[in-house]
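Quick one: sequence plus predicted model below, questions after.
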Amino acid sequence: MARECGAAELHVGGDWSAYARRREQRLVRACAAERIELRVHPGVTVVAPGAVTPAGGDHFKVFTPYHRAWLAATKRRPAPTPRRLSPPVGLPVGRLPAAASLLRDAPSPERAGGGEAEGRRRMRAFLRDGLGTYEERHDDLAADATSGLSPYLRFGCLSPLELLSEAEDRPGGEAFARQLCWRDFHHQVLAAFPDLPRRDYRPRGKRWSRSQRTFDAWRRGQTGLPIVDAAMRQLLREGRIHNRARMIAASFLVKDLRIDWRWGARHFWDLLSDGEIANNAGNWQWVAGTGNDTRPNRRFNPLRQARRFDPGGEYVRRYVPELAAIEGAAVHEPRRPS
């Protein structure tokens with residue numbers, strides 16, 4: 001395309017997975033051969049990996065000191081919006097592949113619509129109506145009071161830097177900024193440890209179950225534990241899971257069922273509309289105790305979590321319709337798997 005347009009420069013956003021790095025090196029060689037200048041810009045994160053580092057190390061291994069450094073870091077200023085974009089004319093346009101061709105499982109039928117216009121509409125709505133109560137409500141499963149913006153960040157429809165600049169000085173902005181910092185944290189871990197999606201960051205010598213039957217019951221939402229089943233059915237239906245339910249379901253797979261976190265990460269990767277390599281792998285390893293959690297034996301008690309964050313059982317009844325007639329917290333009691 002650059003050749004056909006007569007372009008002198010190619011501008012891209014830098015990324016940090018092993019695949020993205022190999023792609024960038026191919027671009028470096030291709031641009032050199034064509035005498036085109038390649039310019040790589042930050043943008044996937046608020047603070048680029050390597051911009052803040054601990055004394056004597058190339059990346060932060062624990063979130064809290066990273067958070068302090070991240071808050072103190074000088075942030076880029078959002079660039080002004082161009083008045084006009086003039087795309088080249090006369091270039092052949094390909095076809096987008098069908099979603100089903102990109103997945104091992106069927107695409108989630110109720111997944112959110114994509115695109116920048118939809119992302120910006122949702123961002124404005126969240127900043128106006130949801131940010132002020134974000135800190136106290138974002139763990140409420142029934143309220144579903146998270147931002148819902150992670151898919152738009154993942155696909156570049158929204159800039160994390162712009163989102164931070166819009167949110168940080170408003171009520172609720174500090175708690176929301178911390179979540180954007182967590183996103184950056186996992187990216188700087190991935191940049192330093194490209195094998196994060198495949199290999200334990202901190203090997204613990206764990207021995208995993210390889211029960212396909214057990215794993216299939218988990219991914220289909222048929223474990224008999226209502227809060228876990230609700231989370232997995234939300235994923236199947238919507239291509240997303242509430243963050244609190246996501247941790248509960250992941251912890252149940254690795255800490256209770258003793259199944260390898262990589263199996264769960266692959267399933268999430270297939271269906272999550274916000275599935276980023278850095279955050280998907282980083283969060284799964286955090287839950288499994290092989291990653292950056294300072295308490296590697298942490299376990300989420302699913303019944304206690306359900307009673308605390310879905311006390312009326314509304315979240316479970318929303319996604320497990322066969323339990324809709326059961327009232328109150330009784331809906332959380334374990335049942336024989338279907």
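Thanks, I have it.

In this structure, which helix is the longest?
In the chain, taking DSSP state H as the definition, the longest helix is helix 173-192.

which strands and helices sit next to it?
helix 63-72, helix 134-137, helix 160-167, helix 277-288 (3 or more C-beta pairs under 8 Å, 6 or more residues apart in numbering; DSSP states H and E). Where C-beta positions appear, they are placed from N, C-alpha and C, glycine not excepted.

quick one: the third one to helix 173-192, angle?
Here helix 160-167 points in a direction 170 degrees away from that of helix 173-192 (axes from the mean of the first three to the mean of the last three C-alpha atoms, to 10 degrees).

contacts for helix 160-167?
With contact meaning C-beta atoms under 8 Å, 6 or more residues apart in numbering, helix 160-167 is reached by 43-46, 75-76, 78, 123, 127, 131, 149, 153, 173, 176-177, 180, 183-184.

Tell me the buried residues in stretch 249-269?
Neighbour-count burial for stretch 249-269, with 16 or more other C-beta atoms under 10 Å as criterion, is recorded at 249-257, 259-265, 267-269.

so which of the helices and strands packed on helix 173-192 gets nearest residue 109?
helix 277-288 (21.6 Å; C-beta to C-beta).

next SSE after that closest one?
helix 302-309 (DSSP states H and E).

For the helix or strand in which residue 25 is found, C-alpha coordinates in CSV please.
Using DSSP H and E, residue 25 maps to helix 18-34. Only the C-alpha atoms of helix 18-34 are listed here, as CSV (Å, rounded to 0.1, in the frame of the first residue of the first chain):
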residue,chain,number,x,y,z
ALA,A,18,6.1,-12.0,20.6
TYR,A,19,4.1,-12.1,17.4
ALA,A,20,3.9,-8.3,17.2
ARG,A,21,7.7,-8.0,17.7
ARG,A,22,8.3,-10.4,14.8
ARG,A,23,5.9,-8.5,12.7
GLU,A,24,7.7,-5.2,13.4
GLN,A,25,11.0,-6.7,12.5
ARG,A,26,9.5,-7.8,9.1
LEU,A,27,8.3,-4.3,8.6
VAL,A,28,11.7,-2.9,9.4
ARG,A,29,13.3,-5.0,6.7
ALA,A,30,10.5,-4.4,4.2
CYS,A,31,10.6,-0.6,4.7
ALA,A,32,14.4,-0.6,4.4
ALA,A,33,14.2,-2.4,1.1
GLU,A,34,11.6,0.1,-0.1
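
can you give me how far that helix is from the chain middle?
Taking the mean of its C-alpha atoms, helix 18-34 sits 26 Å from the chain's own mean (C-alpha atoms, centre = their mean, to the nearest Å).

Then stretch 152-162?
Distance, centroid of stretch 152-162 to centroid of chain: 12 Å (C-alpha atoms, centre = their mean).

That one: end-to-end distance?
12 Å (C-alpha to C-alpha, to the nearest Å).

In that stretch, which residues are buried?
Under the neighbour-count criterion of 16+ other C-beta under 10 Å, stretch 152-162 has 152-154, 157-162 buried.

which of these lies closest to residue 274?
residue 154 (4.7 Å).

sorry, back to before: now, of the contacts of helix 160-167, which are buried?
By neighbour count, with 16+ other C-beta under 10 Å, the contacts of helix 160-167 hold 43-46, 76, 123, 127, 131, 149, 153, 173, 176-177, 180, 183-184 as buried.

which among those gets closest to residue 283?
residue 183 (10.1 Å).

Hmm, residue 153 and the closest one touching each other?
Yes: counting by C-beta atoms under 8 Å, residue 153 is a contact partner of residue 183 at 7.3 Å.

Which residue, other than its chain neighbours, is closest to residue 103?
Distance criterion C-beta to C-beta, 6 or more residues apart in numbering; nearest residue to residue 103, sequence neighbours excluded, is residue 270 at 5.2 Å.

by contact count, what packs against the helix or strand harbouring that neighbour?
Taking DSSP H and E as the definition, residue 270 sits inside helix 261-271. Counting contacts by 3+ C-beta pairs under 8 Å, 6+ apart, helix 261-271 is packed against helix 212-219, helix 226-238, helix 277-288.

can we see that at 6 Å?
The helices and strands touching helix 261-271, judged by 3 or more C-beta pairs under 6 Å, 6 or more residues apart in numbering; DSSP states H and E, are helix 277-288.

quick one: the helix it packs on to helix 63-72, angle?
Interaxial angle, helix 277-288 versus helix 63-72 (the same axes, to 10 degrees): 150 degrees.

how much distance is there from helix 277-288 to the middle of the chain?
Distance, stretch centre to chain centre, for helix 277-288: 9 Å (C-alpha atoms, centre = their mean).

sorry, back to before: of the buried ones among the contacts of helix 160-167, which is the nearest to residue 275?
Distance to residue 275 across the buried ones among the contacts of helix 160-167 (C-beta to C-beta) is lowest for residue 153, with 11.7 Å.

Quick check: the gap between the closest one and residue 66.
According to C-beta to C-beta, to the nearest Å, residue 153 and residue 66 sit 19 Å apart.

before we move on, what about residue 98?
Using C-beta to C-beta, we find residue 98 at a distance of 40 Å from residue 66.

what's the span of stretch 165-177, first residue to last?
With C-alpha to C-alpha, one end of stretch 165-177 sits 9 Å from the other.
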